[in-house]
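1. Quick one: sequence and predicted model below, then my questions.
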Amino acid sequence: MEAENNYSTSCECAFDEELSRKQADTITAAYFKNHVLGALRTLFGGIGSSVDIDVLKYDEDSCRAILRCPATSYVKLRSSLTLCGDYSGIPCAYRVRNASPCLLSLLGDSRTYQHN
């Protein structure tokens, strides 16, 4: 009997992402994820939109989300969001506030940490 490998060879990357746009209408988490997948589809076609992306946390008021994707798709996701210029015909821009291979590192920011 052959031994099985119980470890995962795929790493993940997490993004703290914010969508800025000119109109202040509310965007739900489902529409946000659909727009992210649409940006991937626009830049990379059907293969690019098949990337497994998870919206771990979403705030409708600020259009800010924590996204997770496989490390092999990091460059595709980041470039498609950078080049995305509209949301349903309304000019918009994605702002990457933080990116890390470790989800826990998105909790803290060394630039704003107050030492006691």
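-> Thanks, I have the structure now. What you see is a predicted model; the values in this text were computed from it and never measured.
2. which stretches of this protein aren't confidently modelled?
-> 1-11, 105, 107-115 (pLDDT under 70).
3. did I read that right, N34 in a helix?
-> Yes: N34 forms part of a helix when assessed by DSSP: H, G, I helix; E, B strand; the rest coil.
4. For S100, see how far away it is.
-> 25 Å (C-beta to C-beta, to the nearest Å). To be clear about C-beta, it is placed using only N, CA and C from the backbone, and glycine gets the same treatment.
5. next one: D86
-> 28 Å.
6. Repeat that for I90.
-> In this view, I90 and S100 are 30 Å apart by C-beta to C-beta.
7. what does C92 give?
-> From C92 to S100 the distance is 24 Å (C-beta to C-beta).
8. neighbour-wise, which of those two wins?
-> C92 (18 against 13; other C-beta atoms under 10 Å).
9. in the helix or strand encompassing the more buried one, what counts as buried?
-> Using DSSP states H and E, C92 sits within strand 90-100. Using 16 or more other C-beta atoms under 10 Å as the test for burial, strand 90-100 gives 92, 94, 99.
10. What residues does the second one make contact with?
-> Contact criterion C-beta atoms under 8 Å, 6 or more residues apart in numbering gives 17-20, 81-82, 84 as the residues in contact with Y94.
11. what bridges to L19?
-> Y94 (DSSP bridges).
12. S88 is in contact with that one, correct?
-> No: at 11.8 Å, L19 does not count as touching S88 under the criterion of C-beta atoms under 8 Å.
13. Neighbour count: these two, which is higher?
-> Taking neighbours as other C-beta under 10 Å, L19 and S88 compare with L19 leading, 19 against 12.
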